[in-house]
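A.B. asks: A predicted structure for the sequence below; I have some questions about it.
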Amino acid sequence: YYELDSWWYLKGAGSHGEDGGIKLWEPRKDVFPKGMRSVLDVLNTTAAAHSKYYSHDNEYQKRFKFLIEKKAAIPLEIDFWEYIMSQAANDFSLATFEHDWLASVFELMDKPSWDTTTIRNLHLHWGAASAARGLTMLYCMPVVSDVMESLENPAVKYIRLTDDYSTNVRQWRVGRPAIISWSIGLLAFKDTFWTQEHMPHSPY
């Protein structure tokens, strides 16, 4: 199936390019005018869709409880993830929920760096909400605590072990970390790669 990266949803204030947290995890009208599912139906396939941390000005904080700091925010209750995973499975017809920028939660926020309960609950909420809807999960940019918490999240099946595909030669180094991921039941995922020598619109 296809993987939809971070270009398809709305990001928050001050974001540019791939940076910035999620403001609204729904298909942008300028990207999918008729919705994501309509495109997947035409292609007769399903997809894995990108997600990340939330912006401090996200549109969900009016309905759900968030831990909000200056640069990022994370949901605190499972009700939020029940809502998001229902969208993913039913409205978007996804197979896999990809949570990227996991390390950024620790880099951009203070409390998750010392309060282990907040992050553990986040992983447990992901697992319960996605597994209940038959969704698998893909972890990207994890730190050690994310890798270990995957043991408590039965929905996590894949974990990305490489840098972004670019001119960085290290992005092919997947062998050694794959041994570790295999030992805890996670399939190694390598970032996407070019299928031709010259890719249109690529800065590389």
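C.D. replies: Now that the structure is in, tell me what you want to look at.
A.B. asks: work out which residue lies at the spatial centre of the chain.
C.D. replies: Of all residues in the chain, the one closest to the mean position by Cα atoms, centre = their mean is residue 99, 1.8 Å from it.
A.B. asks: ok, the residue nearest to it when sequence neighbours are not counted - contacts?
C.D. replies: Nearest non-adjacent residue to residue 99, counting by Cβ to Cβ, 6 or more residues apart in numbering: residue 51, 5.2 Å away. C-betas here are computed from N, CA, C, even on glycine. Residues in contact with residue 51 (Cβ atoms under 8 Å, 6 or more residues apart in numbering) are 22, 25, 84, 97-100.
A.B. asks: apply 10 Å and report the result again.
C.D. replies: Residues near residue 51 by Cβ atoms under 10 Å, 6 or more residues apart in numbering: 6, 9, 22, 25, 84, 88, 97-101, 126, 137-138, 140.
A.B. asks: hang on, the earlier thing: quick one: the residue nearest to the centre of the chain from residue 70, how far?
C.D. replies: Between residue 99 and residue 70 the computed distance is 22 Å (Cβ to Cβ, to the nearest Å).
A.B. asks: report pLDDT for residue 204.
C.D. replies: On pLDDT, residue 204 comes in at 64.
A.B. asks: next, count neighbours for the residue lying closest to residue 9 once chain neighbours are set aside.
C.D. replies: Excluding its sequence neighbours, the residue lying closest to residue 9 (Cβ to Cβ, 6+ apart) is residue 25, at 5.2 Å. Residue 25 has 21 neighbouring residues, counting by other Cβ atoms under 10 Å.
A.B. asks: contacts only, for the closest residue to residue 91 other than its chain neighbours.
C.D. replies: Leaving aside its sequence neighbours, residue 91 sits nearest to residue 37 (Cβ to Cβ, 6+ apart; 6.6 Å). The contact partners of residue 37, taken as Cβ under 10 Å, 6+ apart, are 27, 46-47, 90-94.
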